[in-house]
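[1] What follows is a protein structure lacking sequence information:
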Ligand SMILES: NC(=O)c1ccc[n+]([C@@H]2O[C@H](COP(=O)([O-])OP(=O)(O)OC[C@H]3O[C@@H](n4cnc5c(N)ncnc54)[C@H](OP(=O)(O)O)[C@@H]3O)[C@@H](O)[C@H]2O)c1
C-alpha cells in the first residue's frame, strides 16, 4: 500500500506541528487526503499554518496548548473525536532542547525540557490510548541521535530523548494484545526553520547553530521516513549515516563511542 493510500483515511495527531518537522508531517498527511491535528503553544504560529493549509480546512484542526498539560491532552482528544470521529495515529513530535553543562543549568531550564520532552510524550499517549485501541492505531515517538548516548553539554536533551526508548519499548509489549503499534524514530540532523530556538543555561531562547550541509536532511525526507515507519509498523528507525553509526557503536562498542565523544568534546 502506498503512503498516499495508507494515510488517505487516517486521522493523525501530531504534537508540536506549528513549524519544522511536525508541520511537514501534517502537510504530507493532508496531501494524502488524511486529517491532521496539529498542536503548539504559540497561537499566531498555528493560525499562520492554518492560513497556509487553507485548502485543507475541513481536514485540519489546530489546537493551542502545552503537551505537558495532562488535562489539556484529554480535552484535545475529546475535540478530535467530536470533529473527526476517531483517532488513528499519534506522533509525539513536540520537543525542545537546551545546552550547557549540568553545573550551570538553571532549574527551570531542566524542568522545561523534561516537562515538554518526557511528560509531553507520556500524557498525549495516556489521553489517546482509549481511542487508538478502537482503531488499532499507532504511536510514534520522535527521538534523536542524542537518545543513544549521553551528550556532554546537552545532558538534559539526551536524557529526555533516551527516556523515550523506555516508553516505546514498554508500550510495544503492553499494547500488542490491542493491536496498537508503538515505535521510535531516531531522527538525524534535519533542516531547521529560521525561527527554531534552543534554550541557553540561563533560560534565554537562542538561534540554533547551522550544521554542516552534508549532515542535514530536508524536512520532507525526514517526514517521509517517519510516515513510512508508521505505515510499516517498524519498531525502530534510525535516520542518516551519523545516526546509524552512533546506533551501531552504542550497541556493539559503547566504550569506543564514549571515547570518540569525549575526544570531540575536548577539542571543542
Ligand atoms: N531538527 C532536527 O535536526 C532534529 C534532530 C533530531 C530530533 N529532532 C526532534 O524532532 C522534533 C521536531 O523538531 P523540529 O526541529 O521540527 O522542532 P521545531 O522546529 O523547534 O518545532 C517544535 C514544535 O514543537 C512545538 N512545541 C514546543 N514545545 C511545546 C510544548 N510544550 N507544547 C506544545 N508544543 C510545543 C513548537 O511550537 P511552540 O513553540 O509554539 O509551542 C513547534 O511547533 C523534536 O522532538 C526534536 O527534538 C529534531
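    Right, received. Where do you want to start? Only a predicted model underlies this, so the values are computations on that prediction, with no experimental measurement involved. Residues are numbered from 1 along each chain as shown.

[2] Report the separation between residue 159 and residue 146.
    Remark: distance between residue 159 and residue 146 (C-beta to C-beta, to the nearest Å) = 9 Å. Quick note: C-beta positions are derived from backbone N, CA and C, even for glycine.

[3] try residue 238
    Taking C-beta to C-beta, one finds residue 238 at 13 Å from residue 146.

[4] Would you check that residue 149 makes contact with residue 260?
    No: the criterion here is C-beta atoms under 8 Å, and residue 149 misses it with residue 260 at 9.5 Å.

[5] Between the two, which is the more surrounded one?
    For residue 149 and residue 260, the more surrounded residue by other C-beta atoms under 10 Å is residue 149, and the numbers stand at 18 against 15.

[6] For the closest residue to the more buried one other than its chain neighbours, pull up the helix or strand it's in.
    Spatial nearest neighbour of residue 149, excluding adjacent residues (C-beta to C-beta, 6 or more residues apart in numbering): residue 250 at 5.3 Å. Element membership for residue 250 (DSSP states H and E) is helix 240-252.

[7] Could you give the average pLDDT over that helix?
    Helix 240-252 carries an average pLDDT of 95.

[8] tell me what it is packed against?
    Applying 3 or more C-beta pairs under 8 Å, 6 or more residues apart in numbering; DSSP states H and E, we find helix 240-252 packed against strand 181-187, helix 254-267.

[9] residues touching the residue in the stretch 51-200 of the chain that the ligand sits nearest to, list them.
    Here the stretch 51-200 of the chain gets closest to the ligand at one residue, residue 95, 2.2 Å apart by C-beta to the nearest ligand atom. Contact analysis of residue 95 by C-beta atoms under 8 Å, 6 or more residues apart in numbering lists 16, 116-117, 120, 142, 144, 160-161.

[10] Now tabulate those residues in TSV and tack on pLDDT, neighbour count and distance to residue 79.
    Output for those, formatted as TSV (pLDDT from 0 to 100; neighbours: other C-beta atoms under 10 Å; distance: C-beta to C-beta, whole Å):
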residue	pLDDT	neighbour count	distance to residue 79
16	98	24	17
116	98	21	21
117	98	27	24
120	98	25	18
142	98	26	22
144	97	25	29
160	98	27	27
161	98	28	28
